[in-house]
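A.B. asks: Quick one, fold the following:
(one chain, ligands or ions: 1)
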Amino acid sequence: MNNRQLFLNHLAQTTDFPLAIEIERAEGIYLYGPNGERYVDLISGIGVSNVGHRHPRVIAAIQAQLEKYLHLMVYGEYVQSPQTLLAQAICQTLPSQLDNVYLVNSGSEAVEGAIKLAKRYSNRREILSCVNAYHGSSHGSLSVGGNEMFKRAYRPLLPGIRTIPFGEEEYLAHITEHTAAIIMETVQGEAGVRFADPAYFAALRSRCDETGTLLILDEIQSGFGRTGTFWAFESYGIVPDILVCAKGMGGGMPIGAFIAGKEVMGSLKTNPLLGHITTFGGHPVSAAASLATIQVIQEENLAQQVAGKAALFKKLLVHPRIKSCRHVGLMMALEFESFEVLKPIIDRAISKGVITDWFLFCDDSMRIAPPLTISEEQIAEACNVLLDAIEHQG
Ligand code: PMP
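C.D. replies: As a prediction, the model looks like this:
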C-alpha cells in the first residue's frame with residue numbers, strides 16, 4: 001500500500017473531501033511532495049504558519065530548547081524560562097490590563113479555559129456567542145459554536161448558551177446581568193471572513209461594562225499579525241477582558257493561551273475549588289518556538305506589510321467569476337457562485353501547485369491566508385495560477 005492508501009485506511013477521516021496531498025518537506029511558503037512537486041501554501045495550514053514554514057529562528061529556538069529539557073512538570077509549578085519569557089513577550093504586545101497568560105496546547109483548550117474562567121470569576125452561568133462562530137471541537141468550545149449542523153449530533157451540549165447574530169447592534173440587548181461572558185471572534189474565520197464595524201465593537205464593550213459581563217475575544221485565527229496589526233482588536237479601539245489565541249502563536253508548534261488581567265485570572269487559584277489544570281500546556285519546546293515567532297513578527301515587521309500584500313492580492317485577483325473579496329488584512333475570502341463552481345477551481349489550482357480551500361461554514365468562498373512572509377513575486381505567481389484555474393474551471 002502506498003502512503004496515500006495508508007492515510008485513507010488508517011487515519012481517521014474527518015471530511016468527505018480530504019486534500020490528501022502527500023507532503024515530505026516544507027520551507028517558507030512552499031510545501032514539497034515526494035516526487036519533486038512544489039506547492040504554494042496559500043492557507044498557512046489554516047492560519048498557522050504566519051512566519052512561514054520552518055522559519056530559521058523558530059527552528060533554532062526549538063533546537064536550543066531540545067538541549068535543555070522537554071517536559072518537566074504539569075503546568076504552573078516550576079519556573080521555566082521558555083514559558084515565563086513567552087508570557088512576558090505576549091503581555092508586551094497587549095494593553096497593560098491584560099497581564100496574565102495561561103498557556104495551553106490548542107485553540108479549543110484556550111476557549112475551554114476562557115469559558116471556565118468567566119464562570120468562575122463572575123459566578124454567573126449564561127454565556128452568549130455568535131451565529132456562525134467557530135471556537136473549536138471539544139464539547140465546551142463546540143457548545144459556543146454558532147453552526148447548528150455541527151452541534152446537532154452532540155447534544156446535550158453545555159447548558160446556558162445562547163447565540164446572537166454577529167455584528168448587529170440591536171442584539172446586544174441580549175447581554176444582561178445574568179451573562180457571565182460573551183465570546184466572539186474579532187473577525188469571524190470559518191463563517192467566511194465576516195467582520196463588524198468599530199461602532200459595533202464600541203457598543204459591545206459598553207454593554208459588557210454596563211452589565212458586568214466579560215468580553216472574550218477569540219483571536220485564534222486573526223491574531224499574530226494576520227490582519228495587519230498584531231491583534232485584530234487593536235484596530236477596533238476596544239480591549240477584551242479575556243483574549244484567546246493559538247494557531248499562528250507557535251510558528252508551527254502546538255500551543256495556545258487564554259489571557260486576562262490578574263484580578264480575573266486570580267479567581268482560578270482560589271482554594272479549595274480546582275482551577276484549571278494541564279499536563280502539557282505551554283510545553284517548553286512550543287513556548288520557545290512561540291517566543292521566537294513573536295520576535296520574527298516584530299523584527300521583520302510582518303504585520304506592517306500585511307495591508308500592502310493584501311492590496312496586491314485584491315488588485316491581481318480580478319475576474320468576472322469572482323463575486324466579491326471579503327478581507328481583513330491577509331485573512332481573505334473570494335466569493336464564487338457556489339461550491340459546485342468553486343471546488344473544481346480549487347482542484348485545478350492544487351494540481352498546478354497552489355493550495356487553497358474553502359471555509360467550514362461558507363463553501364462558496366475560497367480561503368486565502370498565506371504566510372505573512374510571502375513576497376510580491378510569490379503573490380503574483382500564486383495569483384496567476386488561481387486566475388488560470390478560474391478561467392479554465394469556473
Ligand atoms: N477558534 C477559532 C477562531 C478557530 O479558527 C479555531 C480553529 N480553526 C479554533 C478556535 C480551534 O482551535 P484548535 O483547532 O487549535 O482547537
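
A.B. asks: ok, now which ones touch the residue of the stretch 101-250 of the chain found nearest the ligand?
C.D. replies: Using C-beta to the nearest ligand atom, the closest approach of the stretch 101-250 of the chain to the ligand is made by Gly107 at 2.2 Å. (Each C-beta comes from the backbone N, C-alpha and C, glycine too.) Applying C-beta atoms under 8 Å, 6 or more residues apart in numbering to Gly107 gives the contacts 135-136, 141, 218, 220, 244-247, 256.

A.B. asks: same check, this time on Arg207
C.D. replies: So Arg207 contacts 172-173, 175, 213 (C-beta under 8 Å, 6+ apart).

A.B. asks: which SS class is it?
C.D. replies: What DSSP: H, G, I helix; E, B strand; the rest coil gives for Arg207 is helix.

A.B. asks: same check, this time on Leu217
C.D. replies: strand.

A.B. asks: rewinding a little: pipe the contacts of Gly107 into JSON lines and attach pLDDT, neighbour count and secondary structure per row.
C.D. replies: Output for the contacts of Gly107, formatted as JSON lines (pLDDT from 0 to 100; neighbours: other C-beta atoms under 10 Å; DSSP: H, G, I helix; E, B strand; the rest coil):
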{"residue": "His135", "pLDDT": "98", "neighbour count": "29", "secondary structure": "coil"}
{"residue": "Gly136", "pLDDT": "98", "neighbour count": "23", "secondary structure": "coil"}
{"residue": "Ser141", "pLDDT": "98", "neighbour count": "27", "secondary structure": "helix"}
{"residue": "Asp218", "pLDDT": "99", "neighbour count": "33", "secondary structure": "strand"}
{"residue": "Ile220", "pLDDT": "98", "neighbour count": "29", "secondary structure": "coil"}
{"residue": "Val244", "pLDDT": "98", "neighbour count": "32", "secondary structure": "strand"}
{"residue": "Cys245", "pLDDT": "98", "neighbour count": "27", "secondary structure": "strand"}
{"residue": "Ala246", "pLDDT": "98", "neighbour count": "28", "secondary structure": "coil"}
{"residue": "Lys247", "pLDDT": "98", "neighbour count": "26", "secondary structure": "helix"}
{"residue": "Gly256", "pLDDT": "98", "neighbour count": "28", "secondary structure": "strand"}
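
A.B. asks: give me phi/psi at Glu391?
C.D. replies: phi -60, psi -40 (degrees, to the nearest 10).

A.B. asks: For it, grab the count of nearby residues.
C.D. replies: Number of residues near Glu391 (other C-beta atoms under 10 Å) recorded here: 13.

A.B. asks: mind showing which ranges of the stretch 151-300 of the chain have poor pLDDT?
C.D. replies: 271-273 (pLDDT under 70).

A.B. asks: for the ligand, what are the nearby residues on it?
C.D. replies: Residues of the stretch 151-300 of the chain lying close to the ligand (C-beta under 6 Å from any ligand atom) are 185, 189-190, 218, 220-221, 246.

A.B. asks: Report the contact partners of Thr356.
C.D. replies: Contacts of Thr356 (C-beta under 8 Å, 6+ apart): 42-43, 346, 349-350, 366-368, 386.

A.B. asks: That one and the ligand: what is the separation?
C.D. replies: 16 Å (C-beta to the nearest ligand atom, to the nearest Å).

A.B. asks: ok, now Glu22?
C.D. replies: Noted for Glu22: a distance of 22 Å to the ligand, by C-beta to the nearest ligand atom.

A.B. asks: can you pull the contacts of that residue?
C.D. replies: Counting by C-beta under 8 Å, 6+ apart, Glu22 has contacts 3-4, 7, 33-34.

A.B. asks: go on, Met265?
C.D. replies: The contact partners of Met265, by C-beta under 8 Å, 6+ apart, come to 100, 102, 117.

A.B. asks: which residues does the most centrally placed residue in the chain contact?
C.D. replies: By C-alpha atoms, centre = their mean, the chain has its centre lying nearest to Gln221, at 2.0 Å. Residues in contact with Gln221 (C-beta under 8 Å, 6+ apart) are 46-47, 185, 187, 189, 247, 331.

A.B. asks: and the residues you listed, which of them are in helices?
C.D. replies: Counting by DSSP state H, the contacts of Gln221 place 46-47 in helices.

A.B. asks: Looking at the contacts of Gln221, spot the one nearest Ala202.
C.D. replies: Nearest to Ala202 among the contacts of Gln221: Val187, at 16.3 Å, using C-beta to C-beta.

A.B. asks: The closest one contacts Ser222, correct?
C.D. replies: Yes - if you go by C-beta atoms under 8 Å, Val187 and Ser222 touch, sitting 4.5 Å apart.

A.B. asks: Overlap of the contact sets of the two?
C.D. replies: Joint contacts of Val187 and Ser222 (C-beta under 8 Å, 6+ apart) are 232, 328, 331.

A.B. asks: Who does the second one form a beta bridge with?
C.D. replies: Per DSSP bridges, the residues bridged to Val328 are Met331.

A.B. asks: Can you give me the end-to-end span of stretch 277-288?
C.D. replies: Chord length of stretch 277-288, first to last residue, is 21 Å (C-alpha to C-alpha, to the nearest Å).

A.B. asks: ok, residues contacting it?
C.D. replies: So stretch 277-288 is contacted by 61-62, 64-66, 68-72, 74-75, 80, 82-83, 85-86, 102-105, 109, 250, 253-255, 257 (C-beta under 8 Å, 6+ apart).
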